[in-house]
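[1] Generate coordinates for the sequence data below:
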Amino acid sequence: MKHIKVFAPGTVANLGCGFDIMGLTLDGVGDRIEVAAEAGASGLAIRNESGKRLPEKPEDNVITPAVAALLEAYGKPVRVEITILEKIAPGSGIGSSAASSAAAVYGLNELLGRPFSAERLVEFAMMGEALIGGTPHADNVGPALLGGVVLIRGYGPLDIIHLPVPDDFFYAVAHPDIVVGTKEAREVLPREIPMAHAVTQWGNVGGLVAGLALGDVALIGRSMHDVVAEPYRKGFIPGYDRLKEEVLSEGALAMNIAGSGPSVFALAAEGSVSERVAERMKSHFAGLGIGCNIYAGRVSNRGARIEE
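    Down below sits the predicted model:
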C-alpha cells in the first residue's frame, strides 16, 4: 500500500461576529496521521496511536463519513488504512474533529493523484462534522484544509472564500477544564435578534473581512465584536467579562469564545503579547480552581499538508 503522513492544523470558528461563517487556522497545534491506500480493494481501517481517547468503532469516528464521501465521488474501489499519530484533545474548542476529517481526505486525495480540488475536499470533510453536530458545516474544516481565514458565503452550493492573514497576527487560546455541550450552546441562542443588533453584526463582519484584505490588524480587532452569540454563551464560562478586561489590558486586539466554547481565544499583533495573554488566561482559570490548557502562536496561512 502507498502511504504518506499528513498534518492538519487546529482552527477557531466564528471569530466573534462571523458566527457560523468564518474560521481561522492555528499554527503549532493539530492532528498528525498516516494514510495508506490500495487500489482495487475495499474497506477502511482506523488505528489510534495518539494516546487520546477516541471512538473504538469506525462508524463513530468522524474520519469514516469524510472518507466515504470522497470514495463515493471517486467511484473506484480503494482500501484505506489510517493511523492517528497525534491528536488534538477532543472537546478542546480548536477544531479537533475537523482536523481529523481534513487530514484524512487531504492524505487520501494525495495518494489518489489529486483528483479533487481543495474546495471539494472541504465538502467531503464536512460530512465528518455532520456526524458530530448533525449538520455539515465548514467553519472549521475550511481553514483546516485551506489555511488562513475562510468566509463561507453560502452552502447551496458551497461558496467558500480564502482570505489572507497579515504577517503580524498571533493567537492565544485557553481550554478550561469545563464542558459546554454544542447542543446546549445552540439552545441558549435567541431565535430572533433585533434589527439594530443585526446591523451591528453586518458592519462588524464587513469590517473584519476588510481588515483581513487590507492587512489592517487594528480594524480586525475592533470588528471582532459579537452581539449575537457572545452575550448569551459567555455565561457558560466563569468570570468571562473579567477575563476579557484582563486580556485586553495585556494588549490583545480582541477576545471571544472559540466556536461554541468552552475555549476562548484572543488575537494580537505581537507574539510576545499572545504569550502573555495565554498565561493571563491560565491564571484566570487557576484562580477559580479550574485547570486549563493554553496555546499561543502565529495565525497560519498553511492548511493541511504532507509531512516528510
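
[2] Mind jotting down where the strands sit in the protein?
    Taking DSSP state E, the strands of the chain run over residues 2-13, 22-39, 43-48, 78-86, 149-155, 158-163, 170-176, 254-257, 264-268, 292-298, 305-307.

[3] To Arg222, which of those strands lies closest?
    In terms of CB to CB, the element of these nearest to Arg222 is strand 254-257, at 7.7 Å. (Glycine included, C-beta is placed from N, CA and C.)

[4] who does the closest one touch, helix- and strand-wise?
    helix 217-223, helix 230-233, helix 240-249, strand 264-268 (3 or more CB pairs under 8 Å, 6 or more residues apart in numbering; DSSP states H and E).

[5] Give me the contacts around the third one.
    Counting by CB atoms under 8 Å, 6 or more residues apart in numbering, the neighbours of helix 240-249 from elsewhere in the structure are 172, 234, 237, 254-255, 264, 266, 277, 280-281, 284.

[6] now swap in stretch 265-278 and tell me
    12, 168-174, 217, 220-221, 224, 247, 250-258, 281, 294-299.

[7] can I get the CA coordinates of that stretch in PDB?
    The C-alpha trace of stretch 265-278 is given here as PDB (Å, rounded to 0.1, in the frame of the first residue of the first chain):
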ATOM      1  CA  PHE A 265      -9.300  32.900  22.000                       C
ATOM      2  CA  ALA A 266      -7.600  36.300  21.700                       C
ATOM      3  CA  LEU A 267      -5.700  37.900  18.800                       C
ATOM      4  CA  ALA A 268      -2.700  40.100  19.000                       C
ATOM      5  CA  ALA A 269      -0.300  42.000  16.700                       C
ATOM      6  CA  GLU A 270       2.800  40.600  18.500                       C
ATOM      7  CA  GLY A 271       3.900  37.100  19.500                       C
ATOM      8  CA  SER A 272       5.000  38.300  23.000                       C
ATOM      9  CA  VAL A 273       1.600  39.700  23.600                       C
ATOM     10  CA  SER A 274      -0.100  36.400  22.600                       C
ATOM     11  CA  GLU A 275       2.100  34.500  25.000                       C
ATOM     12  CA  ARG A 276       1.400  36.900  27.900                       C
ATOM     13  CA  VAL A 277      -2.300  36.700  27.200                       C
ATOM     14  CA  ALA A 278      -2.300  32.900  27.200                       C
END
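
[8] model confidence over it, on average?
    Average pLDDT, stretch 265-278: 95.

[9] Gly142 is nearest to which of the helices and strands packed on strand 254-257?
    Of these, nearest to Gly142 by CB to CB is strand 264-268, at 16.7 Å.

[10] Would you list the strands that that closest one pairs with, along with their directions?
    strand 170-176 (antiparallel), strand 254-257 (antiparallel) (DSSP bridges).

[11] right, and the ones you listed - which one's nearest Ala36?
    strand 170-176 (31.4 Å).

[12] May I ask you to name the longest helix in the protein?
    helix 195-214 (DSSP state H).

[13] can you give me the offset of it from its chain's centre?
    Centroid separation for helix 195-214 versus its chain: 21 Å, with CA atoms, centre = their mean, to the nearest Å.

[14] Buried residues, it. List them.
    The neighbour-count check on helix 195-214 (16 or more other CB atoms under 10 Å) flags 200-201, 204-205, 207-209, 211-212 as buried.

[15] any idea of the angle it forms with strand 149-155?
    Here the directions of helix 195-214 and strand 149-155 differ by 130 degrees (axes from the mean of the first three to the mean of the last three CA atoms, to 10 degrees).

[16] thinking again about what came up before, among the strands paired with strand 264-268, which is the most enclosed?
    When these are scored by mean count of other CB atoms under 10 Å, the highest mean neighbour count falls to strand 170-176 (a mean of 26).
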